[in-house]
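In: Attaching a predicted model along with its sequence, questions to come.
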Amino acid sequence: MPTPVPALVVVLAGPSGVGKSRLAARTGLPVLRLDDYYRSGDDPALPRIATGANAGLVDWDDPRSWLRDGAVSAICELAVTGRTVAPVYDIARNGPVGTHVVDLDGSGLFIAEGIFAQEVVAGCRAHGVLAAALCLRQHPLVTFWRRLTRDLREHRKPPLVLVRRGWALMRDQRRVIAAAAAAGCEVVSAPEAEERIRGLNRR
């Protein structure tokens, strides 16, 4: 039988702006921010948008703009050792600006959340560190407004780019959720997810 690991991860997926970070913070559990594993803006491997108003710009909503293997390695290191050094990514600068330590401090459960979180589900399951994989859902217009106000507040990209991107993401939200479900995530509302996580934490 496989050797049990000291800690397990709850993978929290969902469209940008759906409230993953907010929910993760409410649980009080240690959190690994998977969005910190984006590629640097000068990485030649970055995918580009082929058509439409944003043609030629980096497609930050394509999983190829993100370092899946690095994220899975960090999750496994946290589960086994209780500690990892993670990058700090500045979206406005399109690159990492340093590192920070994520320490479980003895917790047997932690959360890994991000826009591409569903991409780590198979790897976490294969390594025996997965407690649950959840994908948040809410009304697309609510997601659009929350995402836009957050991105404008944080000056993540020029306003026109944010509006165009937000509109495209709103139209694509159903597909994103379906893809997360196909990757092994259970689709739930934020209250349902919080209840599931708190139940896992009591075990």
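Out: Perfect, I can see it now.

In: check contacts around the residue nearest the centre of the chain.
Out: When Cα atoms, centre = their mean is applied to the chain, the residue found nearest the centroid is Gly114 (0.8 Å). By Cβ atoms under 8 Å, 6 or more residues apart in numbering, the contact set of Gly114 is Ala13, Lys20, Arg33, Leu34, Asp35, Tyr37, Ala71. Glycine gets a C-beta too; all of them are placed from N, C-alpha and C.

In: how about a cut-off of 6 Å?
Out: With contacts defined as Cβ atoms under 6 Å, 6 or more residues apart in numbering, Gly114 is in contact with Leu34, Asp35.

In: what's the answer for Thr99, then?
Out: Contact partners of Thr99, counting by Cβ under 6 Å, 6+ apart, are Val85, Pro87.

In: what's the weakest-modelled helix or strand in the chain?
Out: helix 140-153 (a mean of 67; mean pLDDT, DSSP states H and E).

In: so how far is Gly17 from Ile49?
Out: Applying Cβ to Cβ, to the nearest Å, the value for Ile49 to Gly17 is 19 Å.

In: hmm, who's touching stretch 185-192?
Out: Ala13, Gly19, Leu23, Gln118, Ala133, Leu134, Cys135, Leu136, Arg137, Ile177, Ala181.

In: least confident pick among these?
Out: Among those, Arg137 has the lowest pLDDT, at 81.

In: Tell me how many other residues crowd it.
Out: Residues contacting Arg137 under the criterion other Cβ atoms under 10 Å number 22.

In: And Ala122, by the same measure?
Out: When neighbours are counted by other Cβ under 10 Å, Ala122 comes out with 15.

In: now swap in the one 5 residues further on and tell me
Out: His127 has 18 neighbouring residues, counting by other Cβ under 10 Å.

In: okay if I get the contacts of stretch 185-192 as a markdown table plus distance to Glu77 and secondary structure?
Out: Below are these laid out as a markdown table (distance: Cβ to Cβ, whole Å; DSSP: H, G, I helix; E, B strand; the rest coil):
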| residue | distance to Glu77 | secondary structure |
| --- | --- | --- |
| Ala13 | 20 | strand |
| Gly19 | 27 | coil |
| Leu23 | 24 | helix |
| Gln118 | 20 | helix |
| Ala133 | 19 | strand |
| Leu134 | 22 | strand |
| Cys135 | 24 | strand |
| Leu136 | 26 | strand |
| Arg137 | 30 | coil |
| Ile177 | 29 | helix |
| Ala181 | 28 | helix |
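
In: What subset of those is buried?
Out: Ala13, Gly19, Leu23, Gln118, Ala133, Leu134, Cys135, Leu136, Arg137, Ile177, Ala181 (16 or more other Cβ atoms under 10 Å).

In: quick check, nearest of the residues you listed to Asn54?
Out: Checking these against Asn54 by Cβ to Cβ gives Ile177 as the nearest, at 22.3 Å.

In: Excluding chain neighbours, what is closest to Glu119?
Out: In space, and not counting its chain neighbours, Glu119 is closest to Arg68: 5.0 Å by Cβ to Cβ, 6 or more residues apart in numbering.
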